[in-house]
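In: Predicted model follows, preceded by the sequence.
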Amino acid sequence: MLLSYFAIISYSLATALLMRFYTKDDIQHRHQKSIFLLLSFAIIAHALTFTNFWAASGVFFGLANSASFVAWLVAVLLFLSSISKPVHALGILVYPLSASSLLFSVLFPDTAGKIIPLSIASHVFLSITAYALLALAVCQSVLLKIQERHLHAKKINGFISKLPPLQTMEALLFQSLRIGFYLLTLSLLTGFVFIEDIFAQHLIHKTTLSIIAWVIFATLVFGRKAFGWRGKQAITATQIGFGILVLAYYGSKFVLERLLN
């Protein structure tokens, strides 16, 4: 419990420092080291809350635990990416979500546990990593939409001026999107291999929605490579595809756990 609150506070303080940098026109990024340390503490403390994930027969993944784990992985991926890429602004969206998911797991702990056998653990963790990368792509698409809107309206404030150029933002979006799509493809393939009946009654909604999301992302990745797709259509398609993916995973898990209770 203490580790969870420590991580929440560290995420929040790092977010506050990032917001200060991006919203104040007259200051330099002199808090960079503080942000790095706060995020390091937050990520480590968050990771230590997962000690109850493992059981002798498999991995425990309830709704709250899985949401917290995905949020942690998104934070880790962003933290590592920010070392070499100009993606710091994404932290304004990502780190509060990580703190919120951790707070949710504290306030509403899982009561209906589900043990996932180790035989399908590869499918589960591929799915989670794909969700995390696609979540980063969605956060990037939100920033890109804000940036495009301000540039077209010629309203260049301190926040917009500190973002990378529009082309760089688009390249970062499609980079996360492409890698996330490849991992989602592997996740679906391992699901067909390791899950005995992936179209069973309790899985059919999740499987169907996941395939629909995969088709949207596949079309987007192919369209970008073949036709140079960009702009509003790409942003909207990214957000719709991820929304369907979230509904596939968390929506079906929420319904199943309510039924079990």
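Out: Everything's here; your move.

In: quick one: average pLDDT of the one helix or strand Ser10 maps to?
Out: Ser10 is part of helix 2-23, with elements assigned from DSSP states H and E. The pLDDT scores in helix 2-23 average 92.

In: how far does it sit from the chain's center?
Out: 17 Å (Cα atoms, centre = their mean, to the nearest Å).

In: mind listing what Ser81 touches?
Out: Ser81 is in contact with Val87, Leu136, counting by Cβ atoms under 8 Å, 6 or more residues apart in numbering. For glycine as for every other residue, the C-beta is placed from the backbone atoms N, C-alpha and C.

In: likewise the one 5 residues further on?
Out: Applying Cβ under 8 Å, 6+ apart, we find Pro86 in contact with Pro164, Thr168, Leu172.

In: Any idea how many residues pack against the closest residue to Leu126 other than its chain neighbours?
Out: Counting by Cβ to Cβ, 6 or more residues apart in numbering, Ser187 is the residue found nearest to Leu126 once chain neighbours are left out, at 4.1 Å. Ser187 sits with 21 neighbouring residues when counted by other Cβ atoms under 10 Å.

In: Could you verify my assumption that Ser187 touches Ser122?
Out: No. The criterion here is Cβ atoms under 8 Å, and Ser187 misses it with Ser122 at 9.0 Å.

In: which among the contacts of Pro86 end up buried?
Out: Pro164, Leu172 (16 or more other Cβ atoms under 10 Å).

In: Need the contacts of Pro86 in TSV (columns: secondary structure, pLDDT and distance to Phe60).
Out: Converted to TSV, the contacts of Pro86 look like this (DSSP: H, G, I helix; E, B strand; the rest coil; pLDDT from 0 to 100; distance: Cβ to Cβ, whole Å):
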residue	secondary structure	pLDDT	distance to Phe60
Pro164	coil	88	40
Thr168	helix	90	40
Leu172	helix	91	34
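
In: can you tell me which helix in this structure is longest?
Out: Using DSSP state H to define each element, the chain has its longest helix at helix 121-152.

In: list the residues that contact both of Ser187 and Ser122?
Out: By Cβ under 8 Å, 6+ apart, no residue touches both Ser187 and Ser122.

In: ok, now how distant is the residue nearest to Leu126 from Ile128?
Out: To Ile128, Ser187 is 9 Å away according to Cβ to Cβ, to the nearest Å.

In: try Ser66
Out: Using Cβ to Cβ, we find Ser66 at a distance of 7 Å from Ile128.
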